[in-house]
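> fold the following, please.
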Amino acid sequence: MPKLTDKDELFVHQIPEPLPNVVTHHDHWRESYFFVLHPRTVPGDVVILTMAHYPKREEMDSLQMGRIAGQQIFARHSRPYNGDPHTTVVGPVTIDIVEPFKTVRLTVDAASAPVGLDLTFTARTQAYGLRRGTMKAGHEIIWDQSHMLQSGTYSGTYTHQGVTYEVDDWWGQRDHSWGIRDHERCPMWMWFAFQFPDGMFGVWHWEYPNGAHVYTDGCFAPADGGEPIPVVEFRHALHWTDKDGKPVDYGRDGTDVAGLAGRVDIVLEDGAAVAIECNGTWSMPYGRLGGGQHFMAVHTSDGREGTGVCEVTGAFHHRYFPIARAENLPPG
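Numbers count the residues shown, from 1 in each chain. The predicted structure is shown next:
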């Protein structure tokens, strides 16, 4: 007899099985939320909160990551389904979708976590749905996922080591993804959300080890709530930097890396071409997974100034990860 949950009473099914069964029973199938916030200027703290559920493991987890007062933070909270894979509460962490695509409340009990949160995300752009992306190594699925991203402002407080910090109209973004992602066997992906007064440039980009493009999608999402403008062309020329801001080779494990800098070029569907210069330092290194996230100062070729987070991660890539750290990588 299949297990039913309360959500099985609703008109939400997409396959002829009860929730939370998914179409591909896979170790790396997950559905996740990701929230990141940072000041409008640099330097500053970066606070990251995630929540995900894993149907095959019948488990939910939440990650706390980022940089506070110059200190890297990381914690993982988890709980088994126990018949409830839908309530977005994991240990001290609660994510409450107050109004879909408009308002989200994030709370974390400081007594049970390294960072306490009492924050509200308020959308400043429309949500943008990225098209489904897929990558295989031979016949194995490495990545098959859909994704949504949205820019917003954050207000509230966070608490770390007994100190409470005010968050007053900080910039940031959130996303919601679902599908398969075997992170350890992805050659390279790049994601960024660059925030400017008039909106956000957001891009999700994947490559094979030799630099061949697998997937690119993204947009410029206007802060006035107008329709996001899709990205139709994308190029990147970023490089790792050391503690003095000089270019450095990643090697195998990025031992000497302290930051990321360079330029990305974007062409939008309406014909607008924008170059974005960026320079930043770690907000969250990923260790054995390679690369990580950087908090960056950014400015555009047409004079806009902003800040944002850029993620470059992967196991093997001619520019970013020259020494492979995994086997049986795409394309196989």
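> okay, now the sheet partners of whichever strand or helix holds L117, with direction.
Using DSSP states H and E, L117 maps to strand 115-123. Strand 115-123 has the following sheet partners, assigned by DSSP bridges: strand 103-108 (antiparallel), strand 140-160 (antiparallel).
> turn these into JSON lines, including distance to A261, mean pLDDT and mean neighbour count.
Every C-beta, even on glycine, is put in place using the N, C-alpha and C of the backbone. Output for the strands paired with strand 115-123, formatted as JSON lines (distance: least, CB to CB, whole Å; pLDDT from 0 to 100; neighbours: other CB atoms under 10 Å):
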{"stretch": "strand 103-108", "distance to A261": "30", "mean pLDDT": "98", "mean neighbour count": "20"}
{"stretch": "strand 140-160", "distance to A261": "23", "mean pLDDT": "98", "mean neighbour count": "20"}
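> now render those strands as JSON lines, adding distance to Q72.
Formatted as JSON lines, the strands paired with strand 115-123 follow (distance: least, CB to CB, whole Å):
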{"stretch": "strand 103-108", "distance to Q72": "17"}
{"stretch": "strand 140-160", "distance to Q72": "12"}
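> quick check: angle from the host helix or strand of R132 to strand 140-160?
In this assignment (DSSP H and E), R132 forms part of strand 128-137. For strand 128-137 against strand 140-160, the angle by axes from the mean of the first three to the mean of the last three CA atoms, to 10 degrees is 130 degrees.
> mind giving me the packing neighbours of strand 128-137?
strand 140-160, strand 199-207, strand 213-222 (3 or more CB pairs under 8 Å, 6 or more residues apart in numbering; DSSP states H and E).
> sorry, back to before: among the strands paired with strand 115-123, which comes closest to D244?
Closest approach to D244 among the strands paired with strand 115-123 (CB to CB): strand 140-160, 27.9 Å.
> helix or strand right after the closest one?
Strand 140-160 is succeeded, C-terminally, by strand 163-181 (DSSP H and E).
> mind giving me the packing neighbours of that next one?
Under the contact definition 3+ CB pairs under 8 Å, 6+ apart, strand 163-181 sits against strand 29-38, strand 115-123, strand 140-160, strand 188-196, strand 305-313.
> take those strands and write them to TSV, including distance to A275.
What follows is the helices and strands packed on strand 163-181, written out as TSV (distance: least, CB to CB, whole Å):
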stretch	distance to A275
strand 29-38	22
strand 115-123	27
strand 140-160	20
strand 188-196	12
strand 305-313	14
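> for L10, find the nearest of those strands.
So among the helices and strands packed on strand 163-181, strand 29-38 is nearest, using CB to CB, at 16.3 Å.
> list the strands paired with the following helix or strand past the closest one, with their directions.
Of the helices and strands lying after strand 29-38 in sequence (DSSP H and E), the nearest is strand 46-54. Paired neighbours of strand 46-54 in the sheet (DSSP bridges): strand 29-38 (antiparallel), strand 59-68 (antiparallel).
> mind putting those strands in JSON lines, distance to Y81, mean pLDDT and mean neighbour count included?
Below are the strands paired with strand 46-54 laid out as JSON lines (distance: least, CB to CB, whole Å; pLDDT from 0 to 100; neighbours: other CB under 10 Å):
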{"stretch": "strand 29-38", "distance to Y81": "13", "mean pLDDT": "98", "mean neighbour count": "22"}
{"stretch": "strand 59-68", "distance to Y81": "7", "mean pLDDT": "98", "mean neighbour count": "22"}
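> I'd like these as JSON lines, with distance to V257 appended.
Shown next, in JSON lines, are the strands paired with strand 46-54 (distance: least, CB to CB, whole Å):
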{"stretch": "strand 29-38", "distance to V257": "20"}
{"stretch": "strand 59-68", "distance to V257": "15"}
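> which one of the ones you listed lies nearest to P187?
Closest among the strands paired with strand 46-54, using CB to CB: strand 29-38, at 19.7 Å.
> and the closest one, how far out from the chain middle?
Distance, stretch centre to chain centre, for strand 29-38: 6 Å (CA atoms, centre = their mean, to the nearest Å).
> let the chain start at 55 from now.
With the count now opening at 55, the last piece we talked about shows up as strand 83-92.
> returning to what we had before: next, the buried residues of the strand holding L171.
Buried residues in strand 169-177, defined by neighbour count with 16 or more other CB atoms under 10 Å: V169, G170, L171, D172, L173, T174, F175, A177.
> now the strand holding R186: buried residues?
By 16+ other CB under 10 Å, the buried positions in strand 182-191 come out as Y182, L184, G187, M189, A191.
> for stretch 246-257, same thing?
For stretch 246-257, burial by neighbour count (16+ other CB under 10 Å) applies to F246, A247, F248, Q249, F250, G253, M254, F255, G256, V257.
> wait, which of those residues is closest to P70?
Nearest to P70 among the buried residues of stretch 246-257, counting by CB to CB, is G256 at 34.7 Å.
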